[in-house]
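> next input, structure requested:
(chains A, B, C and D)
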Protein chains: 2
Amino acid sequence: MTAPEGQGDDDAGGHLGAGEAEATIAYKLRLAQILAFRAFEEKLADHGRAPRYLGLLAIIRSHPGQPQSRLAEAVALRRSSLVTILDILAEEGLIERRSSPQDRRSNGIWLTDEGERVVAELLRESRRHDAELTAGLSPQEIETTLHVLDRVIANLRTGEAG
Amino acid sequence: MTAPEGQGDDDAGGHLGAGEAEATIAYKLRLAQILAFRAFEEKLADHGRAPRYLGLLAIIRSHPGQPQSRLAEAVALRRSSLVTILDILAEEGLIERRSSPQDRRSNGIWLTDEGERVVAELLRESRRHDAELTAGLSPQEIETTLHVLDRVIANLRTGEAG
DNA sequence: CCTGAACTGTTCGATGTCGAACAATACGAG
DNA sequence: CTCGTATTGTTCGACATCGAACAGTTCAGG
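Numbers count the residues shown, from 1 in each chain, chains lettered A, B, ... in the order given. Next up, the predicted model:
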């Protein structure tokens, strides 16, 4: 019943499907994420690099003063990758590194006032963006999907042996 | 009810959440995709670069002989990115470029016999991987999520003005 | 106190993806 | 046929992310 196109047929219009691989969560997840991320960034191309790192910025807002390593885990990037990112966000005046008094190795990361302002605005945009993504879907379907994604993330994180 | 941690609290254990941004599909989508892709690649680190491009290979298998530009659209990458990828896959002996007789600009892309073999094996692995991702979830929840992701992808693709 | 293991942020080289440009080819309007 | 436009694969420079290495720091055990 769910055969968007005959596999192997040289159909003229529409997009190519992946045959049986298309039935997997991982496959659709990747496709959807690439397209969603791209669309969001293009729509806000005039907002500097903040849109790309909105997820990170939102975490910093909810958890001010956390060390970089903790933030890296939260956004599923590597400590080394976060260095450059925070350099950029600091240069754009959105965040601040304050060296921790308790632990001289680590920095606490904080939003600047400008950062707070930008994040608040971009979060509004992101809600609008999400509404576009999910057009034509019921609130129930969306809620189920959020729940499933939570579980998928949790399943993957328990396997994350440092 | 769904408050994994108090926002703003300096909770000791667990992972940091993104506050209100966490409620969006786009945010969870990105997190889940990064973790899933990474886990799959690490598990199959000894299989060359095929795991990373399994989605592409599966499409080629289902639609042999398609031009590169078509494949690029299907996997949501750019034409220019696909050139290097196909170079690698050709060098590993998994695919073949055959110049089209009808249009001397374009190449048809085909799996080699080795490619067919590798893809078949990796698709088995990917099904196993997907089962791990979705552990603890009901078939209904998974089906709903697949449906939602399909719709999200469709919504994003209609906006893709060339 | 001392010493070694673990953790922090950082640098560096390798690889992946992008956007803008390009030559070759196809094709439609006249 | 002819000319302009669109498309195809490609190259190139910019940027993002990674893994491996590193120095500085913390801390537990002896």
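
> so which strand or helix has the residue nearest the centre of chain A?
Closest to where the C-alpha atoms of chain A average out (CA atoms, centre = their mean) is A:Gly55, at 5.2 Å. Counting by DSSP states H and E, the element that carries A:Gly55 is helix A:54-62.

> establish whether that helix and chain B are in contact.
Yes. Judged by CB under 8 Å from any CB of the partner chain, helix A:54-62 comes into contact with chain B at A:54-55, A:58-59, A:61-62. Where C-beta positions appear, they are placed from N, C-alpha and C, glycine not excepted.

> which residues touch A:Leu44?
A:51, A:122, A:125 (CB atoms under 8 Å, 6 or more residues apart in numbering or on different chains).

> tell me the residues of chain A that contact DNA strand D?
Within chain A, the positions adjacent to DNA strand D are A:49, A:52, A:76-78, A:80-81, A:84-85, A:88, A:103-105 by CB under 7 Å from any atom of the strand.

> would you turn the residues of helix A:54-62 next to chain B into CSV with pLDDT?
Converted to CSV, those look like this (pLDDT from 0 to 100):
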residue, pLDDT
A:Leu54, 97
A:Gly55, 96
A:Ala58, 97
A:Ile59, 97
A:Arg61, 97
A:Ser62, 96
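
> all strands for chain A, in order.
A:95-99, A:107-111 (DSSP state E).

> so of these, which one's packed in deepest?
Across the strands of chain A, the average number of neighbours (mean count of other CB atoms under 10 Å in any protein chain shown) peaks for strand A:107-111, which reaches a mean of 19.

> for chain A, which spans come out with low pLDDT?
Applying pLDDT under 70 to chain A flags residues A:1-13, A:161-162.

> got the end-to-end distance for stretch A:69-89?
One end of stretch A:69-89 to the other measures 16 Å (CA to CA, to the nearest Å).

> show residues contacting it.
Where contact means CB under 8 Å, 6+ apart, the residues beyond stretch A:69-89 that reach it are A:49-50, A:53, A:55-57, A:59-60, A:63, A:68, A:95, A:97, A:106, A:109, A:115, B:15-18, B:31, B:34-35, B:38.

> also stretch A:104-114?
A:57, A:60-61, A:64-69, A:71, A:86, A:93-100, A:119.

> swap in 10 Å and give it another go.
Among residues not part of stretch A:104-114, those counted as contacts by CB atoms under 10 Å, 6 or more residues apart in numbering or on different chains are A:56-61, A:63-71, A:82, A:86, A:89-90, A:92-102, A:116-119.

> now do it: distance from first to last residue.
Start-to-end, stretch A:104-114 (CA to CA) is 27 Å.

> ok so, going back, just the closest of the residues of helix A:54-62 next to chain B to DNA strand C, please.
A:Ile59 (13.7 Å; CB to the nearest atom of the strand).

> for that closest one, give its distance to DNA strand D.
Distance of A:Ile59 to DNA strand D, given as CB to the nearest atom of the strand, to the nearest Å: 14 Å.

> how about the residues of chain A by DNA strand C?
So chain A meets DNA strand C at A:34, A:38, A:42, A:67-70, A:79-80, A:83, A:86, A:97, A:103, A:105-107, A:162 (CB under 7 Å from any atom of the strand).

> and the buried ones among those residues, selectable in ChimeraX?
Buried residues among these (16 or more other CB atoms under 10 Å in any protein chain shown), as a ChimeraX selection:
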select /A:34,68,70,86,107
